[in-house]
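# Need coordinates for the following:
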Amino acid sequence: MIEKFVLGTANFGMKYGIAFKGRVEHGEAMRILERSQEAGIWGVDTAMVYGSAEEVLGEFFERKGKTFRIINKLPHKNYTSKAQIYSTVKESLKKLKVDHIDFLLLHSYKTFKSHPKLVIDALRNLKNEGIIGYYGISVYHPQEFIDFYTFCGEAVAVEFPINVFDRRFTKYLREWKSEGFMLFARSVFLQGLFFLKTFEGNFRKVEHKVKALKKLAEGLGMDLPCLLLSFVASFEELDGIVVGVDGLSQLEMNIRCLRELTKLNLEGFEVDDEDIILPYMWNS
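Residues are numbered from 1 along each chain as shown. Sure thing, here's the model as predicted:
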């Protein structure tokens, strides 16, 4: 499954997550990218709003060449012209020091809903000109992607959350794969929620489930990240699994996990409380 490992880079350019709450130091980020290249990792996932993450990747690509496929995300904005979108993408290419983005996703469903025809026409033009490979969208809810691909009427890419708690998308995977969509899972660790040592506020509702997962992993002689990754990797329809890391040692663990997957029965851990499974609800 290493060939489906997509390295998340949010914390290369900003503080990200609730367990680590930090930003990866520049030298460590370079070591992570070098090791990822050696290991044959599929690609990198970034976004134009992830602080200096694009510049970090650009420095690596300038030295090594474009050694990874790139998933990038167009920031949410009320775009009123195709020229605005083109300008934004050109700036991203400049920072990344590449001339092609493999997958360009809308970072927000709201961007699509504000001016659907303008936005999709611009993305199609970028695809036709060879500036991007696929276009698509990053979503939180299945209906958002259904609305998007119904409008587009062609094979597109989508990134969505899947983890032991959040299984809302799993029932669509076979159908979407048969339609030729590119499917990328994110939020495998739910921004670090599974690694919290203390639980406050709404998170207290799932403290018992997190502790039970840790106990199960210990009983199986597994590291918790391996258990969590094994669950997501069991969905063969996925084209990529986006996983961020806090350092080189965590990267090595994730590589090992994906090379030594274990089939598990993790029934009973699903959570349908959106205050828990949707990070944008955490501070609302």
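# Show me the helices in the stretch 101-250 of the chain, by range?
Here the stretch 101-250 of the chain has its helices, by DSSP state H, counting those that start in this stretch, at 109-114, 116-128, 142-152, 173-178, 207-219, 224-233, 248-259.
# Could I get the CA-only coordinates of the first one as CSV?
So the one you mean is helix 109-114. Output in CSV follows, covering the C-alpha atoms of helix 109-114 (Å, rounded to 0.1, in the frame of the first residue of the first chain):
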residue,chain,number,x,y,z
TYR,A,109,-17.6,23.5,-1.7
LYS,A,110,-18.7,27.2,-1.3
THR,A,111,-16.3,28.2,-4.2
PHE,A,112,-18.2,25.8,-6.5
LYS,A,113,-21.6,27.0,-5.3
SER,A,114,-20.8,30.7,-5.7
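# which outside residues touch that helix?
74, 76-79, 106, 119-120, 137, 139-141, 144, 147-148, 151 (C-beta atoms under 8 Å, 6 or more residues apart in numbering). Using the backbone N, CA and C atoms, a C-beta is placed for each residue, glycine as well.
# Swap in 6 Å and give it another go.
With C-beta atoms under 6 Å, 6 or more residues apart in numbering as the test, helix 109-114 has contacts from H76, N78, L106, V119, V139, E144, F148.
# Tabulate those residues (TSV), appending pLDDT and neighbour count.
Output for the contacts of helix 109-114, formatted as TSV (pLDDT from 0 to 100; neighbours: other C-beta atoms under 10 Å):
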residue	pLDDT	neighbour count
H76	94	15
N78	90	9
L106	98	23
V119	97	21
V139	98	22
E144	98	20
F148	98	20
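# Widest-spaced pair of the residues you listed?
Using C-beta to C-beta, these span at most 18.9 Å, a distance reached by N78 and V139.
# Spit out the contact partners of F231.
Applying C-beta under 6 Å, 6+ apart, the residues contacting F231 are V164, L266.
# give me that answer again for 10 Å
Contact partners of F231, counting by C-beta atoms under 10 Å, 6 or more residues apart in numbering, are I162, N163, V164, R167, V188, L213, L261, T262, K263, L264, L266, F269.
# now E270
N163, V164, F165, D166, R167, R168, T170, K209, I277.
# Same question for F169.
139-142, 145, 158, 160-162, 176, 183, 185, 235.
# Relative to N283, which of the residues you listed is nearest.
Closest approach between the contacts of F169 and N283, by C-beta to C-beta: Y140, at 15.0 Å.
# OK, contacts around that closest one?
108-109, 160-161, 166, 168-169, 187, 274, 277-281.
# Repeat that for S92.
By C-beta under 10 Å, 6+ apart, the contact list for S92 reads 46-48, 54, 58, 70, 72-75, 98, 101, 104.
# closest one to E38 among the helices of the stretch 101-250 of the chain?
Nearest of these to E38, taken as C-beta to C-beta: helix 248-259 at 9.7 Å.
# what distance separates that closest one from the centre of its chain?
Mean C-alpha position of helix 248-259 versus that of the full chain (C-alpha atoms, centre = their mean, to the nearest Å) differs by 17 Å.
# Could you report the neighbour count for R174?
Neighbours of R174 under the rule other C-beta atoms under 10 Å: 11.
# I should have written L224 there, sorry.
18.
# where's L224 relative to V210, distance?
9 Å (C-beta to C-beta, to the nearest Å).
# Right, I'll call it a day here.
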